[in-house]
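1. fold the following.
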Amino acid sequence: MSPEQLSLDHPLVVVGSGPAGHRLIQAVCQRAPSTPIVWFGDEPWAPYNRVKLSSLLAGEASWDDITEATPIPDAVETRFGLRIERIDRAESQVIDVQGQRQRYGALVLATGSRAHVPSIPGVQTPGVFTFRHLNDAQKLQARSVRSRTTVVIGGGLLGLEAARAVRRYNTHVIVVEHADRLMSRQLDGEGAQWLLKEVLAAGIEVRLSAGVKGIEGTGEVKGVLLRSGEVIACDTVIIATGIVPNNELALRAGLQVGRGIKIDDATRTSDEHIYAVGECAEHNGEVYGLVAPGLEQAAVAANRICGGEAVYTGSVLATNLKVLGCKVFSLGEVERGSAADPVREYSFADPDGDGYRRIMVRNGQLVGAQAVGPWPETPRVQEAVRQGRRLYPWQTLRFMRIGQLWPDTDASDVNLWPADATVCNCTGVTRGQLDVACQQGCKSVEALSQATGAGTVCGSCKPLLVDLAGGGPLPPERGWKPLTVFGGVALLAALFYLLLKIPFPDTADLAWRWDVIWRESLYKQISGYSALGVMVLLAIIGLRKRWPTLSNLFQFSGWRVVHVMLGALLVAVMLVHTGGRLGANLDMVMTLMSVVAVLSGAALALIVGRQQALAPGFVKRTQRGAVWIHILALWGLPALLGLHILKAYYF
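-> Residues are numbered from 1 along each chain as shown. Next comes the predicted model:
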């Protein structure tokens, strides 16, 4: 069907306002702008970024944050909040819930999926929620403020994201998972153990190998009954046990349906005028249930609708996300198929506790990989799995020894990545596609996002887009203004301490001698212990990620500003304690290390606060240098401080 036929006869009708339907409409409008399109959606909202729903629930994102990257082309007629009840294939029409008919030249079903709700007693009790759509997020947001104990049923990605979000309200959160490990579809046993440590460190309780027998309570939730007989007392339950494709509309229309709506390599259903994409579609027996495969299907469907010959051959399942602040990467095969499967497994556990990596190799080819924690090689690993690249013995030996498959290179330099390497994992956009967009005149992050869709879902790839766009400015950090102000104050205070000493009084005829502040024992003790208290607070904030109570009070950007403010306060208290004098011997070393720590921390705050006005390369280099100076300056301070206190009281 050509775009001319579509525009002259009847419009393209898209049912479903999720990411797959949205991406299809964008692609059709780019290829054939004159195509008339009518877009239906069950939800009353304009399209929103579903990947950021947990951030919205956690208070880390606003409505603007989840809608800013989802513009609707002007030529599209939207009918949101209007459910399609039936498809009349004989008349090429869809009938909405109000009985109105809309004729179509081609129809795309992007009806998505809904939360799977298990058949357990009490599941309809008030206080039981699912977490899939914006309505769910709004209900949970209102509930979480007054919930004291929440049980999340399901230890997969969605369950952990829900647990993280409601934990923000100082709610006691318990995750119940029937499998023997978290994220069992993406991680092996050891990888799941590494993730479990991060989850527990975030203050979330976990019960593994725990089946749910029922939910107790009549007018409201009172507890969750496990198959072991234990009852977990709670007032709120979140069910996150997977998804079910929305295929009822296709089923009523007589289309072929399995677990999802069956499609061929052209993304067509059993009716040649009807396509299906996204979480509702089943291709070669596979229902993916992830954003990226749906977007790949949408691109093929748009190409076909506009007269192209694109083919969808399936997707390699990939997860590359942050779970509770911990990076989790999983791609391709993660488990051995059978005892006879010739696949070989190689793993690496960082001795410094920084993470875990594992690869799967069959007949010399890389077929799967997973990681918990940072792994700079993941883009190259993705390309190798998708292309079936061969691994040589020395590569596997290197991997087992240091956790790297390739020799040391600047893995963060996206310009050195292979053309097939995926830059945006959410949309599947490769470095090669972005190169083409750059050659066509896209010289900014916004232009690259508009042309390719990269960076429009979770936004984590935007620093890479900055590098590809020619090194433009980085986006401003949250809270950059107070960070810059207090960073400047701390810097000036530290310089003032180094350059200026408060003089002693030059006459005895004074009503008050200010030097008593750093001469008399009482005042010295007050200022000294004040400085010690500020240092303790700085240390606690520095360990924020390992202290669940603190990590849930404010966002990281807020703690960072408080950290810089305390640095400036420390210099002021030290000035009162010493009068600006460095001291001698070990005291001088301790004082200088403290001032250098404040200077480097203040410089770091200024760099981060003004990164939008600086070259990205300069930001990365100076930030790395300032961090190392800061760490080195702090390294010996506890021992020196202890010696200083011992000397003061002993002598």
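2. what does stretch 334-352 contact?
-> 185-188, 190, 194, 333, 355-363, 367-368, 370, 373, 396, 399-403 (Cβ atoms under 8 Å, 6 or more residues apart in numbering). In short, each C-beta sits where N, CA and C put it, glycine included.
3. let's go with 6 Å and repeat that
-> Under the criterion Cβ atoms under 6 Å, 6 or more residues apart in numbering, residues 356-362, 368, 370, 396, 399-400, 403 lie in contact with stretch 334-352.
4. from these, which is closest to Gln138?
-> Among the contacts of stretch 334-352, Gln370 lies closest to Gln138 (Cβ to Cβ), at 34.0 Å.
5. okay, now the unreliable bits of the stretch 1-150 of the chain?
-> Counting by pLDDT under 70, the ranges of the stretch 1-150 of the chain that qualify are 1-8, 68-70.
6. would you map the strands across it?
-> 12-15, 37-41, 76-80, 84-88, 93-96, 101-103, 106-109, 113-115, 128-130, 149-153 (DSSP state E, counting those that start in this stretch).
7. in TSV: those, plus distance to Ile232 and mean neighbour count.
-> Formatted as TSV, the strands of the stretch 1-150 of the chain follow (distance: least, Cβ to Cβ, whole Å; neighbours: other Cβ atoms under 10 Å):
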stretch	distance to Ile232	mean neighbour count
strand 12-15	40	28
strand 37-41	37	23
strand 76-80	39	16
strand 84-88	40	17
strand 93-96	43	18
strand 101-103	49	15
strand 106-109	40	27
strand 113-115	21	18
strand 128-130	14	22
strand 149-153	6	26
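8. any idea how far Gly229 is from Leu140?
-> Counting by Cβ to Cβ, to the nearest Å, the gap from Leu140 to Gly229 is 29 Å.
9. residue contacts, Val436?
-> Contact analysis of Val436 by Cβ under 6 Å, 6+ apart lists nothing.
10. for it, phi and psi?
-> Main-chain torsions, Val436, degrees, to the nearest 10: phi -60, psi -40.
11. for it, give me the pLDDT.
-> With respect to pLDDT, Val436 scores 79.
12. what about the residue nearest the centre of the chain, helix or strand, and which?
-> The chain has Lys322 as the residue nearest its centroid, 4.2 Å off, counting by Cα atoms, centre = their mean. Using DSSP states H and E, Lys322 falls within strand 318-323.
13. contacts for that strand next, please.
-> The contact list for strand 318-323, computed with Cβ under 6 Å, 6+ apart, reads Leu160, Gln186, Val328, Phe329, Ser330, Leu331, Asn425.
14. looking at Leu140 and Gly229, which is more packed in?
-> Leu140 (24 against 7; other Cβ atoms under 10 Å).
15. quick revisit: can you flag the buried ones in the contacts of stretch 334-352?
-> Buried members of those, counted by 16 or more other Cβ atoms under 10 Å: Tyr356, Arg357, Arg358, Ile359, Met360, Val361, Arg362, Gly368, Gln370, Thr396, Phe399, Gly403.
16. quick check: beta-bridge partners of the second one?
-> It stands for Arg357. Counting by DSSP bridges, Arg357 is bridged to Phe348, Ala371.
17. and it, what is it in contact with?
-> Contacts of Arg357 by Cβ under 6 Å, 6+ apart are Phe348, Ala371, Trp375, Gly403.
18. what's the first helix or strand after the strand holding Lys322?
-> With DSSP H and E setting the assignment, the helix or strand that follows strand 318-323 is strand 326-332.
19. Val598: neighbour count?
-> 26.
20. which ones are touching it?
-> Ala490, Ala494, Gly567, Val571.
21. so which strand or helix has it?
-> Following DSSP H and E, one finds Val598 within helix 585-609.
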